[in-house]
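Participant: Mind looking at a prediction? Sequence and model below.
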Amino acid sequence: MLVALVLLVAGCRIGSPPTPTPPISASPTETLTPAGDVLRINGVPVRRIVIPSASIGPIFALAADTLYRMEKGTWTPIGNDRLGRHYLVDPEDLERVFRGRHRVCGGSPPEPDVPMEESKDGGLHWRQLTLGTNIEPMLFDPNDHEVIYGADCNSLVISTNAGNTWSRIDPLPGYSIVDVRLIGTMLLVLGINPVGTSALSAVDVTDPHTPEAGGILLTANGKARMDATRELIVVAGAGSIHTSSDGGQTWSETEAMAEVDPVQTPPAGATAAGNPLGNVLSLRIGPSKIKRLYAGTAAGLIVSQDDGLTWVRYDGVSATAIVTEIQFGLANADLYVTTDPGVIMVPAP
């Protein structure tokens, strides 16, 4: 895959003055990155990619400490991010971006504070949100993009005014929040406690100004991850898959197994996975027409075609790679898989 690169340098530091130095033009360069290899910009591995949706495709990339934006098919450096913050892009206004990160949960001694920042020009300039310190922005409310859902490690945090003020709610006392998903007016919140047990709760956000925490919908062994659509909720724990097709009211549990039936045809590039499902680090439900599950583990990427009963390993990602994030590329044609060596792009199986 041929990636064209345009090098522009920008100053954008945490705590920098409100008006950073504008980018400086430079000559374009090119580099060849075959599918399945770690993506590189100017020879530097990409460690994070930001994709608002499969209809938009990649917008930002972080290589070392340099932040790049995709501009007409080329990556343009627009600033720095030494803290590796989480980016939230408004899918209806790609110039509007939030970035932030909470401290490592339970870390001792505590890490320095990490301020949240907002950009209204696609990442060229940033404004600190003084009340958004140590918050990781996770999700825009699709019904009102002034409403942002996030986490500060132990609490769910909600802003109804584009990040200027935040309220906190604790739907899972004693758990660190790792995932949120919104189905209609029900916000699903997944947390992990210090002993490694996971729990899923629901928060009614019919009115985000007055959220109402519900009870626990599910508990799972191990450090779990989840994904959800209007038709299906999936929680993958240590060795088990929990699915619900009625909004979490009832659940089916299956024990994950390696694929052993030679009659079934695994996705292209996949082989049988032994001991397939330990602690899951990332989980995605495939597009509705494909009906597949993708799970990132400490031993690579695995794929299921039967709601998590059996799994095959996808050989496009090394079995020694720690997979922490899975994203769909433009039109769901590719997967962008975040691993410890860097982001890998592979054809979607």
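Facilitator: That came in fine, so what should we check first?
Participant: and stretch 62-74, how far from the chain's centre?
Facilitator: What separates the centre of stretch 62-74 from the centre of its chain is 18 Å, taken as C-alpha atoms, centre = their mean, to the nearest Å.
Participant: which outside residues touch it?
Facilitator: By C-beta atoms under 8 Å, 6 or more residues apart in numbering, the residues outside stretch 62-74 that reach it are 4-6, 12, 28, 40-42, 44-49, 57-61, 75-82, 84, 122-123. For glycine as for every other residue, the C-beta is placed from the backbone atoms N, C-alpha and C.
Participant: Can you name the residues that contact residue 237?
Facilitator: Applying C-beta under 8 Å, 6+ apart, the residues contacting residue 237 are 198, 220, 221, 222, 223, 224, 279, 280.
Participant: Could you find the closest non-adjacent residue to it?
Facilitator: Once flanking residues are discounted, residue 237 sits nearest to residue 220: 3.4 Å by C-beta to C-beta, 6 or more residues apart in numbering.
Participant: since we're on the one you found, how many residues are nearby?
Facilitator: Other residues near residue 220 come to 25 when the count uses other C-beta atoms under 10 Å.
Participant: if we can go back for a sec, give the buried subset of the contacts of residue 237 as a ChimeraX selection command.
Facilitator: The command below creates a ChimeraX selection of those among those that count as buried (16 or more other C-beta atoms under 10 Å):
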select :198,220,222,223,224,279,280
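Participant: Check pLDDT for the contacts of residue 237 and point me to the minimum.
Facilitator: Among the contacts of residue 237, residue 279 carries the lowest pLDDT, at 75.
Participant: so how far is residue 190 from the nearest residue to that one once chain neighbours are set aside?
Facilitator: Counting by C-beta to C-beta, 6+ apart, residue 279 lies nearest to residue 223, which is 4.2 Å off, once chain neighbours are set aside. Residue 223 sits 10 Å away from residue 190, going by C-beta to C-beta, to the nearest Å.
Participant: anything in contact with each of these two?
Facilitator: residue 198.
Participant: Correct me if wrong: residue 182 contacts residue 205.
Facilitator: Yes: Residue 182 is within contact range of residue 205, at 7.4 Å (criterion: C-beta atoms under 8 Å).
Participant: and for those two, which residues touch both?
Facilitator: 141, 149.
Participant: still on that earlier bit, who touches the residue nearest to residue 237 in this structure?
Facilitator: 197, 198, 199, 200, 235, 237, 238, 240, 242.
Participant: Now residue 231: closest residue in space, sequence neighbours ignored.
Facilitator: residue 245 (6.4 Å).
Participant: how many neighbours does the one you found have?
Facilitator: Neighbours around residue 245, by other C-beta under 10 Å: 15.
Participant: measure it to residue 156 for me?
Facilitator: 25 Å.
Participant: Now residue 124: which helix or strand?
Facilitator: For residue 124, there is no host helix or strand (DSSP states H and E).
Participant: The stretch 51-200 of the chain: helices as residue ranges?
Facilitator: Ranges of helices in the stretch 51-200 of the chain, per DSSP state H, counting those that start in this stretch: none exist.
Participant: now it, which segments are flagged as low pLDDT?
Facilitator: 106-108 (pLDDT under 70).
Participant: contacting residues for residue 221?
Facilitator: 197, 198, 237, 238, 239, 240.
Participant: Nearest to residue 313 among these?
Facilitator: Among the contacts of residue 221, residue 239 lies closest to residue 313 (C-beta to C-beta), at 15.9 Å.
Participant: That closest one and residue 221, how far apart?
Facilitator: For residue 239 relative to residue 221 (C-beta to C-beta), the value is 7 Å.
Participant: One more: residue 75?
Facilitator: 41 Å.
Participant: How about residue 342?
Facilitator: 31 Å.
Participant: Same check on residue 121?
Facilitator: 46 Å.
Participant: Could you do residue 213 as well?
Facilitator: Note on residue 213: its distance to residue 221, by C-beta to C-beta, is 23 Å.
Participant: quick one: buried residues of stretch 42-58?
Facilitator: Buried positions in stretch 42-58, judged by neighbour count with 16+ other C-beta under 10 Å: 42, 44-52, 54, 57-58.
Participant: Closest to residue 312 out of these?
Facilitator: Nearest to residue 312 among the buried residues of stretch 42-58 is residue 54, at 22.7 Å by C-beta to C-beta.
Participant: Show me the beta-bridge partners of the closest residue to the closest one other than its chain neighbours.
Facilitator: Among residues not flanking residue 54 along the chain, residue 328 sits closest, at 4.3 Å (C-beta to C-beta, 6+ apart). Bridge pairing for residue 328 (DSSP bridges) gives the partners residue 335.
Participant: Give me the buried entries from the contacts of stretch 62-74.
Facilitator: 5-6, 12, 40-42, 44-49, 57-61, 75-81, 122-123.
Participant: Now for residue 232, how many residues are close by?
Facilitator: Using other C-beta under 10 Å, the number of residues around residue 232 comes to 17.
Participant: contacting residues around it?
Facilitator: Residue 232 neighbours (C-beta under 8 Å, 6+ apart): 243, 244, 245, 285.
Participant: Over to residue 129?
Facilitator: So residue 129 contacts 98, 100, 115, 116, 117, 118, 163, 164 (C-beta under 8 Å, 6+ apart).
Participant: wait, which of those residues is closest to residue 301?
Facilitator: residue 100 (27.4 Å).
Participant: close enough to count as contact, that closest one and residue 85?
Facilitator: Yes: proximity of residue 100 to residue 85 meets the contact threshold set by C-beta under 8 Å, at 5.6 Å.
Participant: Understood, closing this out.
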